[in-house]
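Undergrad: A predicted structure for the sequence below; I have some questions about it.
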There are 2 protein chains.
Amino acid sequence: MADKVLIYSRFPKAMMKRIGERYDLIDAGGKPPLETFSRDELKDVRALITAGGQALKSDVMDMMPALGAIVCYGTGYDGVDFKAAAERKIVVGNSPGANAASVADLALTLMLAVTRRLLPADQYLREGGWSSAKPSPLMSPQPGNPGRKVGVYGMGEIGRKIASRVAAFECDVAYTNRTKYDDLPYRHEPSLEALVEWCDVLMIAVRAGAETHHIIDAAMLKKLGPNGVVVNISRGSVIDQAALTAALVDKTIAGAGLDVFEKEPHAPDALTALPNVVLTPHVGGHTLDSHMAMQDCVIANLDAFYAGNGLPHAVAV
Amino acid sequence: MADKVLIYSRFPKAMMKRIGERYDLIDAGGKPPLETFSRDELKDVRALITAGGQALKSDVMDMMPALGAIVCYGTGYDGVDFKAAAERKIVVGNSPGANAASVADLALTLMLAVTRRLLPADQYLREGGWSSAKPSPLMSPQPGNPGRKVGVYGMGEIGRKIASRVAAFECDVAYTNRTKYDDLPYRHEPSLEALVEWCDVLMIAVRAGAETHHIIDAAMLKKLGPNGVVVNISRGSVIDQAALTAALVDKTIAGAGLDVFEKEPHAPDALTALPNVVLTPHVGGHTLDSHMAMQDCVIANLDAFYAGNGLPHAVAV
């Protein structure tokens, strides 16, 4: 009989198909497992798969007394209470780098769409404005990419792939990161403040956590300035979303491209009503090859765990 | 008194400001000059500025018997009748390469937006579909960029900048062009047919003219196939637009990103109604730096012409 694995987050079934061929998946669908399953059904669950960003604290762990492995589908693991996991000798794994190209590509898609005003341009044609010579929403030309100052906040695998793509557009690239990498051809700024003062486009690729919570606040957005654009493909918690919305409304900054939000799946009306934003429903890692690579990591972690070995893609904390 | 220059095409006034500081601009606004001006007013016009794509034949040239220079604003010059110009000893200039980065950047913007289904994604959030857990239009994941086969048709300055940008996304790049360049790191395909058979995304960056008219027809689109995407930032005439629309409707190909159309400013309803296209109103060269560089070329051409010298940016035909 296949080993039982709990699906903790809400994943489309198709995404779990490959893993379901090897394990007996029981699906809590994003709700507390005890809402769907009895204590008896949960008592022999030794591993679970989570989206990483969803809160997973001691109360949930205690629903599954045999739990030994938390396997995150994707790079993030900010929802997991590591202290509680360690106390219960639960190991935590993720899918490092598996989605980096896919997420970086979406970051560029958002940057280009916002700076080239793609949505108003497309709408101008669809609504017949161009044919009928109505005033164009694109009338005044905007700065192009060559020489554009793009700041990358966080230089992990995703940040590196963002930087190399941005550089191909003849932009000027700088970054800030706890570690300064001498092998990278980009200028290192000593702080987020310094990076934001310098750049026109801020690409947020930092790992989410307590120390980055709302680090992009009203003061930081004011530093970014009226030509500034924020792109966030990391986690919604990094930005004070109410402050961002206000900054977009009163033109403190020029625009934003957002794949992530404070309370998913929910983007407030105040944000979705704005013309100077481009929004996507947390699909940074949502490409075929990215899913295959993330599933490879999940399967490798589960296989190793059930074989009694350490996780090949363990989160070191 | 400043020399008189006719503005032949429809350009926003702001775009002509710098040139207007040096020359006495008279604006025909895209219509036959004799509709706006008398023969007397036109008799001493020695130079004109045109958009390049607009038809400019002997009848128009004959409205200005003193005409000696046709200066194209931008790279293209496909609307100009070169034989008629040569017979009248009229020289033709353009702005080679001035808008290459800007146009290439829009090509990438369109490719990324189509392949990541950016418009349905944004709409899903704006219409509240995500918040209310309605089925996502992005449900089934699509191939990502790494390993994607991108074919560049035309390897001039724009094609080269498209290729270097596409390569940064870890795509596999090939091209076809009259000349095979041994200094380029991309595979050369001997024909457009071979390129189209091979690629998933076809980037059209070829110069428009009689030999490329409707070269992308129904048969070529069938070769591109059901996963294929067409991006056109060159000229609308290169594609048989009715065949493209039919191919998009019946899923012969997957999608298209179009900045140019057969009859501008007009994108037919059959095209603007489609969900699998991203459309922009011929704004490839529409960035601040691109306009400045194109104006530099126009001014250099006009200054040289009025000084009795050859054009520094002459079109060699």
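TA: Noted; the coordinates are in hand. Residues are numbered from 1 along each chain as shown, chains lettered A, B, ... in the order given.
Undergrad: wait, a helix at A:Pro25?
TA: Not Pro; residue A:25 is Leu. No. With DSSP: H, G, I helix; E, B strand; the rest coil as the criterion, A:Leu25 is located in strand rather than a helix.
Undergrad: pLDDT wise, what is A:Met1 at?
TA: Per-residue confidence for A:Met1 comes out at a pLDDT of 65.
Undergrad: typo on my end, it should be A:Ala246
TA: Looking at A:Ala246, its pLDDT stands at 98.
Undergrad: work out for me the element it sits within.
TA: Using DSSP states H and E, A:Ala246 sits in helix A:241-249.
Undergrad: ok, residues contacting the helix or strand following that helix?
TA: Going down the chain from helix A:241-249, the next helix or strand is strand A:255-258, by DSSP H and E. For strand A:255-258, the surrounding residues in contact (Cβ atoms under 8 Å, 6 or more residues apart in numbering or on different chains) are A:107, A:109-111, A:113-115, A:229-232, A:236, A:244, A:248, A:267, A:271, A:276-280. In this view, the C-beta of every residue, glycine as well, is placed from N, C-alpha and C.
Undergrad: run the last query once more with 6 Å
TA: A:Leu110, A:Val114, A:Val229, A:Val230, A:Val231, A:Asn232, A:Leu248, A:Asn276, A:Val277, A:Val278, A:Leu279 (Cβ atoms under 6 Å, 6 or more residues apart in numbering or on different chains).
Undergrad: measure the first one to chain B for me?
TA: Distance, A:Leu110 to chain B, using Cβ to the nearest Cβ, to the nearest Å: 8 Å.
Undergrad: again with A:Ala55
TA: 19 Å.
Undergrad: same question, A:Pro268
TA: Using Cβ to the nearest Cβ, we find A:Pro268 at a distance of 9 Å from chain B.
Undergrad: same list (the contacts of strand A:255-258) but as JSON lines, adding secondary structure, distance to B:Glu193 and neighbour count.
TA: Formatted as JSON lines, the contacts of strand A:255-258 follow (DSSP: H, G, I helix; E, B strand; the rest coil; distance: Cβ to Cβ, whole Å; neighbours: other Cβ atoms under 10 Å in any protein chain shown):
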{"residue": "A:Leu110", "secondary structure": "helix", "distance to B:Glu193": "35", "neighbour count": "33"}
{"residue": "A:Val114", "secondary structure": "helix", "distance to B:Glu193": "37", "neighbour count": "22"}
{"residue": "A:Val229", "secondary structure": "strand", "distance to B:Glu193": "41", "neighbour count": "24"}
{"residue": "A:Val230", "secondary structure": "strand", "distance to B:Glu193": "44", "neighbour count": "29"}
{"residue": "A:Val231", "secondary structure": "strand", "distance to B:Glu193": "39", "neighbour count": "30"}
{"residue": "A:Asn232", "secondary structure": "strand", "distance to B:Glu193": "43", "neighbour count": "26"}
{"residue": "A:Leu248", "secondary structure": "helix", "distance to B:Glu193": "48", "neighbour count": "21"}
{"residue": "A:Asn276", "secondary structure": "coil", "distance to B:Glu193": "43", "neighbour count": "16"}
{"residue": "A:Val277", "secondary structure": "strand", "distance to B:Glu193": "42", "neighbour count": "25"}
{"residue": "A:Val278", "secondary structure": "strand", "distance to B:Glu193": "36", "neighbour count": "28"}
{"residue": "A:Leu279", "secondary structure": "strand", "distance to B:Glu193": "40", "neighbour count": "23"}
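Undergrad: just give me the closest of the residues you listed to chain B.
TA: Nearest to chain B among these: A:Leu279, at 4.4 Å, using Cβ to the nearest Cβ.
Undergrad: surely that closest one touches B:Asp122?
TA: Yes. In terms of Cβ atoms under 6 Å, A:Leu279 counts as a neighbour of B:Asp122; the distance is 5.2 Å.
Undergrad: for A:Glu264, which non-adjacent residue is spatially closest?
TA: A:His282 (5.7 Å; Cβ to Cβ, 6 or more residues apart in numbering or on different chains).
Undergrad: now the residue nearest to the spatial centre of chain A: how far from B:Tyr153?
TA: Nearest to the geometric centre of chain A sits A:Ser234, at 3.3 Å (Cα atoms, centre = their mean). With distances taken as Cβ to Cβ, to the nearest Å, A:Ser234 is found 37 Å from B:Tyr153.
Undergrad: now swap in A:Lys17 and tell me
TA: 38 Å.
Undergrad: can you give me the helices in chain A?
TA: Assigned by DSSP state H, the helices in chain A fall at A:17-20, A:33-36, A:39-42, A:58-61, A:82-87, A:100-115, A:118-126, A:157-168, A:192-198, A:218-224, A:241-249, A:269-272, A:288-306.
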